[in-house]
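Student: sequence unknown, structure follows:
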């Protein structure tokens, strides 16, 4: 188990690596309301948003997104190709590189993260590791 100060160091390192890659990190509480507020603020003027249904993070975090008609949950191949923004969860983040690890085998996460012009990835802070094994 990683202690609080060590986890904070990993978060700081991860955020710095993400910024170097010209991406952003937004730290928010793990609640459906907080996640929805952050995501809806980002996608407000976007017409094509697809989402991979989560398998790892608690479903209640995603409930407002799943219930939203503005987000496509079961996209067709064409909707995947045309997606401006894709929303997924990650099963890990790598502090050293700022990389996120999404499943390639289930729930369209790999496809959604690869095809969308912009990727919104939800990652629990405790899933950030210093480097891959």
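Tutor: That came through, no problem. All of these numbers come straight from a predicted model, not from anything done at the bench.

Student: what separates residue 94 from residue 20, distance-wise?
Tutor: Remark: distance between residue 94 and residue 20 (Cβ to Cβ, to the nearest Å) = 13 Å. Glycine gets a C-beta too; all of them are placed from N, C-alpha and C.

Student: between those two, which one's more packed in?
Tutor: Between residue 94 and residue 20, counted using other Cβ atoms under 10 Å, residue 94 has the larger neighbour count: 19 against 10.

Student: my read: the more buried one touches residue 123, true?
Tutor: No. Shown here, residue 94 and residue 123 do not form a contact pair, counting by Cβ atoms under 8 Å, at 10.5 Å.

Student: Touching both of those two, which residues are there?
Tutor: Residues within reach of residue 94 and of residue 123 at once, by Cβ atoms under 8 Å, 6 or more residues apart in numbering, are residue 100.

Student: Can you get me a residue count around residue 81?
Tutor: When neighbours are defined as other Cβ under 10 Å, residue 81 has 12 of them.

Student: Now do the same contact list for it.
Tutor: So residue 81 contacts residue 115 (Cβ under 8 Å, 6+ apart).

Student: and it, what element?
Tutor: Secondary structure here is read from DSSP states H and E; on that basis residue 81 sits in helix 77-82.

Student: Given the helix or strand just after that helix, what are its sheet partners and their directions?
Tutor: Under the assignment DSSP H and E, the closest C-terminal helix or strand after helix 77-82 is strand 85-89. Each strand paired with strand 85-89, and its direction, by DSSP bridges: strand 49-51 (parallel), strand 118-122 (parallel).

Student: How about the helix of greatest length in the chain, which residues are buried there?
Tutor: The residue-count maximum for a helix in the chain (DSSP state H) belongs to helix 4-20. Burial within helix 4-20, assessed by neighbour count using 16 or more other Cβ atoms under 10 Å, is assigned to 10-11, 13-15, 17-18.

Student: swap in stretch 46-60?
Tutor: By neighbour count, with 16+ other Cβ under 10 Å as the criterion, the buried positions of stretch 46-60 are 48-54, 56-57.

Student: Appreciated, that's everything.
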